[in-house]
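**Q** Okay, predicted coordinates and the sequence, questions at the end:
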Amino acid sequence: VQLQASGGGLVQAGGSLRLSCTASGSIFSFNSMGWYRQAPGKQRELVAAITRGSRIDYADFAKGRFAISRDSTKNTVYLQMNSLVPEDTGVYYCNINVGRFVPTDYWGQGTQVTVSS
């Protein structure tokens, strides 16, 4: 399983970014895809995830500002981030959970998001 993420960058507070992540390989039995982030000195945390059945979970800080979506024809998940604040700065990691009997997480390489004040 491979994940290729893109779309990070530098943006001013109040701006927007759109992250993309395309999965390839043995993902037939995927359970969910999503985004996590890690700020300097902090633990990695969930941003948003979407399940195979299209159930969506958001972290509280993402509700109302971020939107996750999935294009199943492209095996791609998107994260639209609006109204960004400096606290959103961090490395954003794409995640896919695969496997019906032994669920396994796979991670993308991470993409830097920097929000300037």
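**A** Perfect, thanks for sending it.
**Q** name the element the residue nearest the centre of the chain belongs to?
**A** Nearest to the mean C-alpha position of the chain, by Cα atoms, centre = their mean, lies residue 35 at 2.0 Å. For residue 35, the element it lies in under DSSP states H and E is strand 30-38.
**Q** now what about that strand, what contacts it?
**A** Residues outside strand 30-38 that contact it (Cβ atoms under 8 Å, 6 or more residues apart in numbering): 19, 21, 23, 44-52, 57, 68, 70, 77, 79, 88, 90-100, 103, 110, 113. Bear in mind the C-beta positions are built from the backbone N, C-alpha and C, glycine included.
**Q** coming back round to it: pull up the gap between the residue nearest to the centre of the chain and residue 81, please.
**A** 9 Å (Cβ to Cβ, to the nearest Å).
**Q** Can you work out which residues contact both of the two?
**A** What both residue 35 and residue 81 touch, as defined by Cβ under 8 Å, 6+ apart, is the set residue 19.
**Q** State the pLDDT value of the residue lying farthest from the centre of the chain.
**A** What lies farthest from the middle of the chain is residue 101; by Cα atoms, centre = their mean that is 23.8 Å. As predicted, residue 101 sits at a pLDDT of 91.
**Q** The contacts of strand 30-38 in strands, which ones?
**A** Cross-referencing those against strands under DSSP state E gives 19, 21, 23, 45-51, 57, 68, 70, 77, 79, 90-98, 113.
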